[in-house]
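Asker: coords below, sequence missing:
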């Protein structure tokens, strides 16, 4: 099959384009699909993932992914200024999330859960293409966690209110702290000060990450992470031996379809896609809310009415009765899965990748379920996942994103300690 995977990948691209053009109800939905494909492809080819920033550091000592994420956060914030400068920020759907008890608890719970599932809300979609059993179990319980968290998210003041707020946060209704509001005096509508402060926060994290990695090296507990070694071309021979001879017949095919992108290349592309998404839709990248809607739709298949689901979740019935492929973020999420598939097929890695993760024990399955449940429920407390409570808020100059990062790491460390003790 491997010799035909490149052709399957090309056919899949054509089918995605035809689906978007002739099946989706609007050009905006088609745009969302393509954004998702771009994100999924880049996350897969760049071996990028938010969950790995903590898990890799704890288990191998490598903080390269964490440092790359700081680079991505900074350049995305910088690029986003081109969209926000001289514009009315209140006209955007900014993720200036509230700072409250929910943010702290949700971040810890999400970090704890991603330890066991080895993915996050976006990562579970790319993993569906490569590690189906683990990802599917995680996704089902993620959806359940989001669903049962809806009524709490929509009714509890310790999730909806904020300890601190600024003018823009109050105006858009999210009640969080918008960093440019703190620097109105800088002559650049506050964005110069916000960019500098974001850069300082990124440098602080990088400094801590370097200190931690150096300590692990000094203790001889630094092992490195395989995909990072591959990306650095430190084991090029191992890479080429894992690829088919057919794929290596021409440097062109290897360079443009197979060769893994560096973490920084992936970060640049994700940042560009994010700003494009924000410029067109006036909103950032979110992923987790549709998972709860999917669970509600599944209940409807068993005879539960949209009104009953609405009454339980304390939210309108519209999202549950809306056709599946008419929800913008759902379409985008499907695109992420398809983008990961495109990479695996065009790189001729699909058959060798999907065949490595089918056998799982009952114990492993139980912890994947626990991970999905903790992450899903945690997103409702913190008003988002690693993209909705971390990446997008930081890119939108929200202080909440940095607070979420701290508690996320704390939750990840706690989860890894538990996983190690239980030999998960």
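Answerer: Yes, it's here. As the structure is a prediction and not an experimental result, all values here were calculated from the model.

Asker: tell me which helix or strand of this protein sits lowest on mean pLDDT?
Answerer: helix 236-242 (a mean of 50; mean pLDDT, DSSP states H and E).

Asker: C-terminal to it, what's the next element?
Answerer: Scanning forward in sequence from helix 236-242 by DSSP states H and E, the next helix or strand is helix 251-253.

Asker: Give me the mean pLDDT for that following helix.
Answerer: The average pLDDT within helix 251-253 is 80.

Asker: With stretch 315-328 instead?
Answerer: Mean predicted confidence for stretch 315-328 is 96.

Asker: how much distance is there from that stretch to the middle of the chain?
Answerer: 22 Å (Cα atoms, centre = their mean, to the nearest Å).

Asker: Need the contact partners of it.
Answerer: Applying Cβ atoms under 8 Å, 6 or more residues apart in numbering, the external contacts of stretch 315-328 come out as 23-25, 28-29, 32, 150, 154, 281, 290, 293, 296-297, 300, 306-307, 309-310, 330-331, 334. Using the backbone N, CA and C atoms, a C-beta is placed for each residue, glycine as well.

Asker: And that stretch, what's buried?
Answerer: The neighbour-count check on stretch 315-328 (16 or more other Cβ atoms under 10 Å) flags 315, 317, 319, 320, 327, 328 as buried.

Asker: same question, stretch 77-91
Answerer: Buried-residue list, stretch 77-91, by 16+ other Cβ under 10 Å: 77, 78, 79, 80, 81, 83, 84, 89.

Asker: ditto for stretch 130-150
Answerer: Buried, per 16+ other Cβ under 10 Å, within stretch 130-150: 130-131, 134-135, 137-150.

Asker: Now do it, average pLDDT.
Answerer: Across stretch 130-150, pLDDT averages out at 95.

Asker: max-length helix in this structure?
Answerer: The single longest helix within the chain, with elements called by DSSP state H, is helix 191-218.

Asker: That helix - contacts with which helices or strands?
Answerer: helix 52-60, helix 64-84 (3 or more Cβ pairs under 8 Å, 6 or more residues apart in numbering; DSSP states H and E).

Asker: Turn those helices into JSON lines, including distance to residue 181 and mean pLDDT.
Answerer: What follows is the helices and strands packed on helix 191-218, written out as JSON lines (distance: least, Cβ to Cβ, whole Å; pLDDT from 0 to 100):
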{"stretch": "helix 52-60", "distance to residue 181": "28", "mean pLDDT": "92"}
{"stretch": "helix 64-84", "distance to residue 181": "12", "mean pLDDT": "97"}
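
Asker: Any chance of those in TSV with distance to residue 398 as columns?
Answerer: As requested, those are exported to TSV (distance: least, Cβ to Cβ, whole Å):
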stretch	distance to residue 398
helix 52-60	19
helix 64-84	10
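
Asker: so which of the ones you listed comes closest to residue 267?
Answerer: Evaluated with Cβ to Cβ, these place helix 64-84 nearest to residue 267, the distance being 3.7 Å.

Asker: I'd like to know which elements the helix or strand just after that closest one is packed against.
Answerer: With elements assigned by DSSP H and E, the helix or strand that comes after helix 64-84 is helix 101-117. Where contact means 3+ Cβ pairs under 8 Å, 6+ apart, helix 101-117 is packed against helix 52-60, helix 132-153, helix 157-160, helix 362-382, helix 399-421.

Asker: Inside strands: which ones of the buried residues of stretch 315-328?
Answerer: Applying DSSP state E to those, no entry is found in strands.

Asker: Identify the farthest-apart pair in these.
Answerer: The span of those, defined through Cβ to Cβ, is set by 317 and 328 at 18.0 Å.

Asker: nearest to residue 163, of the buried residues of stretch 315-328?
Answerer: Among the buried residues of stretch 315-328, residue 315 lies closest to residue 163 (Cβ to Cβ), at 24.5 Å.

Asker: what separates stretch 107-123 from the chain centre, distance-wise?
Answerer: Distance, stretch centre to chain centre, for stretch 107-123: 10 Å (Cα atoms, centre = their mean).

Asker: correction: stretch 341-352
Answerer: 21 Å.

Asker: What's the end-to-end length of it?
Answerer: 13 Å (Cα to Cα, to the nearest Å).

Asker: next one: stretch 154-174
Answerer: 13 Å.

Asker: Show me what counts as buried in it.
Answerer: So, applying 16+ other Cβ under 10 Å, buried residues of stretch 154-174: 159, 160, 162, 165, 166, 168, 169, 170, 171, 172, 174.

Asker: Name the surrounding residues that touch that stretch.
Answerer: For stretch 154-174, using Cβ under 8 Å, 6+ apart, the contacting residues are 89-90, 92-102, 152-153, 175-178, 180-182, 313-315, 380-381, 383, 398-399.

Asker: so how far is that stretch from its chain's centroid?
Answerer: Taking mean C-alpha positions (Cα atoms, centre = their mean), stretch 154-174 and its chain are 23 Å apart.

Asker: What average pLDDT does that stretch get?
Answerer: The pLDDT scores in stretch 154-174 average 95.

Asker: Pull the number of nearby residues for residue 13.
Answerer: A count of nearby residues for residue 13, using other Cβ atoms under 10 Å, gives 15.

Asker: Next one: it relative to residue 36, how far apart?
Answerer: 14 Å (Cβ to Cβ, to the nearest Å).

Asker: got the contact list for the residue nearest the centre of the chain?
Answerer: What sits nearest the mean C-alpha location of the chain, by Cα atoms, centre = their mean, is residue 122, with 3.8 Å. For residue 122, the contact set (Cβ under 8 Å, 6+ apart) comprises 39, 43, 49, 50, 287, 336, 385, 386, 387.

Asker: Could you pull up phi and psi at it?
Answerer: phi -80, psi -40 (degrees, to the nearest 10).

Asker: where does it land on pLDDT?
Answerer: So residue 122 comes in at 93 (pLDDT).

Asker: that older thread, for PyMOL, write a command that selects the buried ones of the contacts of stretch 315-328.
Answerer: Entered in PyMOL, the line below selects the buried ones among those, by 16+ other Cβ under 10 Å:
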select buried, resi 24+29+32+150+281+290+293+296+297+306+309+310+330+331+334
